[in-house]
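A.B. asks: below is the structure, and that's it, no one-letter string:
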């Protein structure tokens with residue numbers, strides 16, 4: 001302790017501990033609020049993406065013609081027949 005510093009009384013030490021605890025809690029709260037904002041921004045982007053995909057799929061279902069490629073299922077060993085071509089199925093509604 002330097003000569004210019006006053007000796008810390010138990011009350012001063014307690015208040016200093018409280019101040020440090022509040023600083024720590026404030027920092028934690030700031031981090032939580034920042035993460036909350038990041039998640040809200042990400043959620044907004046994902047919501048827009050889901051809306052675009054839903055609109056796209058809805059427009060496909062409304063159209064008169066739908067073409068689908070069906071790929072052969074793998075055999076029991078999990079391998080595809082390399083010579084098998086996908087089957088194109090065209091549906092007219």
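C.D. replies: Right, received. Where do you want to start? Fair warning: this is a prediction, and the values are worked out from it, not measured in the lab. Numbers count the residues shown, from 1 in each chain.
A.B. asks: element containing residue 50?
C.D. replies: Taking DSSP states H and E as the definition, residue 50 sits inside helix 10-62.
A.B. asks: for residue 21, give me its contacts.
C.D. replies: With contacts defined as CB atoms under 8 Å, 6 or more residues apart in numbering, residue 21 has no neighbours. In short, each C-beta sits where N, CA and C put it, glycine included.
A.B. asks: where does the protein have low pLDDT?
C.D. replies: In the predicted model of the chain, residues 1-4, 6-7, 60-93 satisfy pLDDT under 70.
A.B. asks: how much space separates residue 36 from residue 25?
C.D. replies: 16 Å (CB to CB, to the nearest Å).
A.B. asks: same question for residue 15.
C.D. replies: Residue 15 sits at a distance of 15 Å from residue 25 (criterion: CB to CB).
A.B. asks: give me the contact list for stretch 44-57.
C.D. replies: By CB under 8 Å, 6+ apart, the list of residues contacting stretch 44-57 is empty.
A.B. asks: in it, what counts as buried?
C.D. replies: Of the residues in stretch 44-57, none is buried under the neighbour-count criterion (16 or more other CB atoms under 10 Å).
A.B. asks: confirm residue 8 sits in a helix?
C.D. replies: No: per DSSP: H, G, I helix; E, B strand; the rest coil, residue 8 lies outside any helix segment and is coil.
A.B. asks: burial count for it?
C.D. replies: A count of neighbours around residue 8, defined by other CB atoms under 10 Å, yields 12.
A.B. asks: name the nearest residue to it, sequence neighbours excluded.
C.D. replies: Of all residues not flanking residue 8 in the chain, residue 16 sits nearest, at 7.4 Å (CB to CB, 6 or more residues apart in numbering).
A.B. asks: can you tell me how far that neighbour is from residue 23?
C.D. replies: Taken as CB to CB, the spacing of residue 16 relative to residue 23 amounts to 11 Å.
A.B. asks: same question for residue 48.
C.D. replies: With the distance defined as CB to CB, residue 48 ends up 38 Å from residue 23.
A.B. asks: likewise residue 14?
C.D. replies: From residue 14 over to residue 23 the distance is 15 Å, taken as CB to CB.
A.B. asks: ok, now residue 55?
C.D. replies: Separation of residue 55 from residue 23 (CB to CB): 49 Å.
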